[in-house]
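> Got a predicted structure here, sequence first:
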Amino acid sequence: MTDTNLSFVRQEMLQGQTPPLAERGVVKWMRTNLFATPVDAVLTIIAALALVYFVPPVFNWLFVEAAWVGADRSVCSTTAQGGIQPEGWSGACWAFVNANFNQFMYGHYPVDQRWRVNLVGVLFVLLLVPLLIPRVSHKVPNAIAFFFVFPIVAFFLLVGGRFGLSYVETASWGGLLVTLVISFVGISVSLPLGIALALGRRSKMPVIKLLCVIFIEMVRGIPLITVLFMASYMLPLFLPPGVTFDKFLRALIGVALFASAYMAEVVRGGLQAIPKGQYEGAESLGLGYWQKTGLIILPQALKLVIPGIVNTFIGLFKDTSLVSIISMFDLLGTVRQHFSDANWASPQTPLSGLIFAGFIFWIFCFGMSRYSIFMENRLDTGHKR
């Protein structure tokens, strides 16, 4: 090769150049997600105009014009309504929420004993958080403490009557306390019971299969309100004279059984999605039924139906508001109960209370949804390379 030819060969690499503005940063994201096609551009413009039209008035009502503190309804009423606000005023009545916040959280639980509820809440968080973090070790003892030891400790702390603690009847419970207790019991019971029902429905033993089918279809065929009504008012009629159960316990059993029927169908969908080769491969290794199911089939089935399981949990958490049919007031029921308080009767009070309750429900449901997505991404190893 001559020196003339070598003069056309580059001896060193060129430095990387910055991509064009249209191919990086915010501009690239907007072109990809908001203005990729003419239809996307039109929808984006319409959505932007809707936000400009609706967001400022909503923000103004929620925060700018809102009444944050006050002792009674006067801070949330106009002068024509006997209040202190000017004519034409309209804003959220957060003073109502602030004044009744403790009852929204604890119901009528004795004020001097609410430290017991707070202690149960602290124990719940301390045991739940390590259980949800994959990197934290000792999951088995943690799960045993959370699902078996914690409910016993929580029962004695909340109900009392032993170990020097005063007795607090469940009729005094209310607010977020009732919502969380019913949700925790319903979720903890419905998942294992739902798995058992799903396995029973796919069983080759006719009696077991028939019983599971009857239970699942019967429970799924009636609304939760009917289950709660029967558990509260009809069940005592079938018990011997003098024998009764706590009404709150009856509600817990009714909610747990109702959710387990729906959970069974979710799990059964995962079991049906497992290829036949997985069963045959497990049997070729000499594994028995329970080894095959517990080590091979169930882990794969549950991973496939994580969205359905969490969806059932979220539905159960919101359905706790139906316990008001049996005169037990969860968070939403307690908020609505205070609408009749003459000290806070104003046009802005109901909507403010409902927004507060809805926000609390949204926090818990959104948290469950995001954790579900996290677990899906972590366990989605079937198609990764």
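Structure's in. What do you need?

> Next one: the closest residue to Met230 other than its chain neighbours relative to Gln113, how far apart?
For Met230, the nearest residue in space outside its immediate sequence neighbours is Gly254; the separation is 7.6 Å by CB to CB, 6 or more residues apart in numbering. For the C-beta atoms, the positions are set from N, CA and C on the backbone; glycine is no exception. Counting by CB to CB, to the nearest Å, the gap from Gly254 to Gln113 is 27 Å.

> quick one, which of these two is more surrounded?
Gly254 (24 against 17; other CB atoms under 10 Å).

> Is it correct that that one is in contact with Thr226?
No. No contact is recorded between Gly254 and Thr226 when judged using CB atoms under 8 Å, the distance being 9.5 Å.

> mean confidence score for stretch 215-232?
When pLDDT is averaged over stretch 215-232, the result is 88.

> And stretch 186-205, by the same measure?
Rounded to a whole number, the mean pLDDT of stretch 186-205 is 92.

> what's in contact with it?
Residues lying outside stretch 186-205 but in contact with it, judged by CB atoms under 8 Å, 6 or more residues apart in numbering, are 147, 151, 208-209, 211-213, 215-216, 252, 255-257, 259-268, 271, 293, 298, 309, 312-313, 316-317, 320.

> swap in stretch 234-244?
Against stretch 234-244 from outside (CB under 8 Å, 6+ apart): Phe245, Arg250.

> List the buried residues for it?
Buried positions in stretch 234-244, judged by neighbour count with 16 or more other CB atoms under 10 Å: Leu235.

> ends of that stretch, how far apart?
Stretch 234-244 has an end-to-end distance of 11 Å (criterion: CA to CA, to the nearest Å).

> repeat for stretch 166-185
Distance between the boundary residues of stretch 166-185 (CA to CA) amounts to 23 Å.

> In it, which residues are buried?
Within stretch 166-185, the residues that count as buried by 16+ other CB under 10 Å are 168, 170, 173-185.

> distance between that stretch and the chain's centre?
Between the centre of stretch 166-185 and the centre of its host chain there is 17 Å, according to CA atoms, centre = their mean, to the nearest Å.

> Then stretch 352-363?
How far stretch 352-363 lies from its chain's middle: 13 Å, per CA atoms, centre = their mean.

> which residues sit against that stretch?
Applying CB under 8 Å, 6+ apart, the set of residues contacting stretch 352-363 from outside is 62, 76, 92-94, 96-97, 104, 176, 317-318, 331-332, 335-336, 338-339.

> same thing with stretch 170-178?
Contacts for stretch 170-178 (CB under 8 Å, 6+ apart): 103-110, 117, 158-159, 181, 246-249, 320, 323, 328-331, 333-334, 360.

> Among those, name the buried ones.
When burial is judged by neighbour count using 16+ other CB under 10 Å, the buried members of those are 103-107, 109, 117, 158-159, 181, 247-248, 320, 323, 328-331, 333-334, 360.

> still on that earlier bit, put the buried members of the contacts of stretch 352-363 into a ChimeraX selection.
Those of those that count as buried under 16+ other CB under 10 Å are selected in ChimeraX with:
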select :76,92,93,94,96,97,104,176,317,318,331,332,335,336,338
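
> Narrow the contacts of stretch 352-363 to those in helices?
Among the contacts of stretch 352-363, the subset assigned to helices under DSSP state H consists of Trp94, Phe96, Val97, Phe104, Leu176, Phe317, Lys318, Leu331, Leu332, Val335, Arg336.

> and the residues you listed as a markdown table, adding distance to Tyr289 and pLDDT?
Below are the ones in helices among the contacts of stretch 352-363 laid out as a markdown table (distance: CB to CB, whole Å; pLDDT from 0 to 100):
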| residue | distance to Tyr289 | pLDDT |
| --- | --- | --- |
| Trp94 | 58 | 94 |
| Phe96 | 58 | 94 |
| Val97 | 54 | 94 |
| Phe104 | 49 | 94 |
| Leu176 | 43 | 94 |
| Phe317 | 34 | 93 |
| Lys318 | 37 | 92 |
| Leu331 | 43 | 92 |
| Leu332 | 44 | 92 |
| Val335 | 49 | 93 |
| Arg336 | 50 | 92 |
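
> Can you tell me which of those residues comes closest to Leu132?
The shortest distance between Leu132 and any of the ones in helices among the contacts of stretch 352-363, using CB to CB, involves Phe317 and amounts to 16.1 Å.

> quick one: the closest one from Ile187, how far?
Using CB to CB, we find Phe317 at a distance of 8 Å from Ile187.

> now do Gly286
Gly286 sits 36 Å away from Ile187 when distances are taken as CB to CB.

> Ok, Gly107 next?
Taking CB to CB as the measure, Gly107 and Ile187 are separated by 21 Å.

> and stretch 145-163, how far apart are its ends?
As for stretch 145-163, its first-to-last residue distance stands at 21 Å under the measure CA to CA.

> And stretch 311-325, by the same measure?
First-to-last residue span, stretch 311-325, CA to CA: 24 Å.
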